[in-house]
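>>> A structural model of the following input is requested.
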Amino acid sequence: MQHRANRNVRGRHRRTTPLHSHRAPSTPVTEKGRYAVAAALVAGVGVAGVTVATDGASSAPAAAQPRTQVAAQALPAPTASTPAPSFAATPTPSAAPVQSATPSADALALDVQAVDEGLSFVPQARKEKPLPLWVNPLPEAATTSCYGPRWGRLHAGVDLAAPDGTRIRAAGAGIVTAAGPAEGYGNAVLIDHGNGYLTHYGHMSAITVTVGQHVTAGDQIGNEGSTGHSTGPHLHFEVHEGAYQNPIEPIAWMHDHGVTITGCTAAAE
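Next comes the predicted model:
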């Protein structure tokens, strides 16, 4: 109900504007207009089609327009060279790759390389394993004859048999004092070790050292053979004390110097 001022009271002015009324908008957006906006968006008719559909459905202020209409008006107007947007056919753009917070292995390697280049390290000498002082002159061989009496005379060394041509090694460091043919020994080598002992190697097929040459333990001095008084390929190995022609039992002496030659157990005990 609307209240009016009393016309008979002097000094009062007539109200020329109606009182505020809590009524709904006189022209609300109809359901038909809502459907028209949604259909326009799906069909992709553009802003012009959306504007025509909404103009005929509602004349309410912009604040009262539906959200779909406002969103449609925000789109760019299509031109002759720009096709109308198609919401159904437009693919979703791929998201930009997200960089991982954890550095990759290549990045770490570059960082380590940069650190290494910026620092100078003092190279340290690698500790090399000390070379043995004494070695088995023919470790591939089997013992075929030991030191002692044989055939009515002294067999002054030990016979070690391996495949023909197997390389023969110097038992220890020393100087070659003889290298060449030596009567029944065939091709032979004599090494003075400088500690009062000499080693003698016989029946070789080839000699690879010369007189006066310095050798170390394990150096090749020749190849196994069957030269001289021999019945088959083997190495005749002797140890002499003080001077040549003073042989001693070689297996026991080698055992005392850390080298084990099997086949003559009694002599090594």
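
>>> pLDDT weak spots in the stretch 151-269 of the chain?
Applying pLDDT under 70 to the stretch 151-269 of the chain picks out residues 265-269.

>>> can you map out the helices along it?
Using DSSP state H, counting those that start in this stretch, the helices of the stretch 151-269 of the chain run over residues 250-256, 265-268.

>>> the nearest residue to His236 once chain neighbours are set aside: what's it in contact with?
The spatially closest residue to His236, leaving aside those adjacent along the chain, is Gly202, at 3.9 Å (C-beta to C-beta, 6 or more residues apart in numbering). Glycine gets a C-beta too; all of them are placed from N, C-alpha and C. Contact analysis of Gly202 by C-beta atoms under 8 Å, 6 or more residues apart in numbering lists 157, 182, 185-188, 228, 235-238.

>>> same question, His257
133-134, 172.

>>> if we can go back for a sec, pull up the gap between the residue nearest to His236 and Gly148, please.
17 Å (C-beta to C-beta, to the nearest Å).

>>> ok, Leu190 next?
22 Å.

>>> between these two, which one's more packed in?
The neighbour count for Leu190 versus Gly148, taken as other C-beta atoms under 10 Å, is higher for Leu190 (22 against 13).

>>> ok, that one touching Val239?
No: contact between Leu190 and Val239 fails when scored by C-beta atoms under 8 Å: they sit 11.3 Å apart.

>>> anything in contact with each of those two?
198-200.

>>> returning to what we had before: nearest to Gly212 among the contacts of Gly202?
Comparing the contacts of Gly202 against Gly212 with C-beta to C-beta places Ala188 closest, at 16.2 Å.

>>> got the contact list for the closest one?
Applying C-beta under 8 Å, 6+ apart, we find Ala188 in contact with 178-182, 200-204, 228.

>>> from those residues, which land in strands?
With DSSP state E as the criterion, strands contain 178-181, 200-204 from among the contacts of Ala188.

>>> so which residues of this protein form strands?
For the chain, applying DSSP E gives strands covering 142-145, 148-150, 153-155, 158-161, 167-169, 174-181, 187-192, 197-207, 214-215, 220-224, 235-241, 247-248.

>>> check which residues of the third one are buried.
Going back to what we said before, that points to strand 153-155. Neighbour counts using 16 or more other C-beta atoms under 10 Å place His155 of strand 153-155 among the buried residues.

>>> what does that strand rub up against?
145-149, 247.

>>> and the fifth one, by the same measure?
Defining contact as C-beta under 8 Å, 6+ apart, one finds that strand 167-169 is touched by 135-138, 201, 204, 217-224, 235.

>>> now the buried members of these.
Buried among those by 16+ other C-beta under 10 Å: 135-138, 201, 204, 217-219, 221-224, 235.

>>> and Arg169, how many residues sit next to it?
Arg169: 21 neighbours (other C-beta under 10 Å).

>>> mind listing the residues bridging to it?
Beta-bridge pairing for Arg169 (DSSP bridges): Gln220.

>>> could you tell me the model confidence score at the closest residue to Thr262 other than its chain neighbours?
The shortest distance from Thr262 to any non-neighbouring residue, by C-beta to C-beta, 6+ apart, is to Thr143 (6.4 Å). In the prediction, the pLDDT value recorded for Thr143 is 95.
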